[in-house]
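Engineer: whatever this is, show me its structure:
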Amino acid sequence: MRMLAPACLAVIAAFGPAPPAAAQTLLFQGATESDDQLRQLYDEAGNLCLHNPSRDVRIAVACKSMLIYGLALNERGWCLGHEAEPNALKAWHRCEAGSDRFSRDQLTLF
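Structural biologist: A predicted model of the protein is given here:
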């Protein structure tokens, strides 16, 4: 057992850690919506999700839709806001270092 850890470390050092599978796979490669349409859909879902305290299913769907539209836009190089920026100031822009990105990890959380 003591030899297993150094052996694993040697393999990782030689080849590097395996990249996450999610980073290699585009979820929305065949999407036909334009970037502007996706931003509009994001805004419409946000109006329902963020301005409604209800726990209705349609509200949950709107909130999850925001994430999906955001992920699709991230795949196309668009990001919403920058790290440590107040939500009220966040705007869509071409992704760069320090840009906020949506996380696939949130897709299964409710």
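Engineer: can you map out the strands along this protein?
Structural biologist: For the chain, the strands defined by DSSP state E occupy 78-80, 92-94.
Engineer: strand partners of the last one, parallel vs antiparallel please.
Structural biologist: What it means is strand 92-94. As defined by DSSP bridges, the strand partners of strand 92-94 come to strand 78-80 (antiparallel).
Engineer: off-centre distance for the strand it pairs with?
Structural biologist: Here strand 78-80 shows a centroid-to-chain-centroid distance of 10 Å under the convention Cα atoms, centre = their mean, to the nearest Å.
Engineer: change the start of the numbering to 196 and stick with it
Structural biologist: All right, first residue 196 from here; so that's strand 273-275.
Engineer: which of the strands of the chain sits closest to residue 250?
Structural biologist: strand 273-275 (24.7 Å; Cβ to Cβ). C-beta coordinates here come from the backbone N, C-alpha and C atoms, glycine included.
Engineer: ok so, going back, possible to save the strands of the chain as a markdown table with distance to residue 256 and mean pLDDT?
Structural biologist: A markdown table is the format used below for the strands of the chain (distance: least, Cβ to Cβ, whole Å; pLDDT from 0 to 100):
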| stretch | distance to residue 256 | mean pLDDT |
| --- | --- | --- |
| strand 273-275 | 20 | 97 |
| strand 287-289 | 22 | 97 |
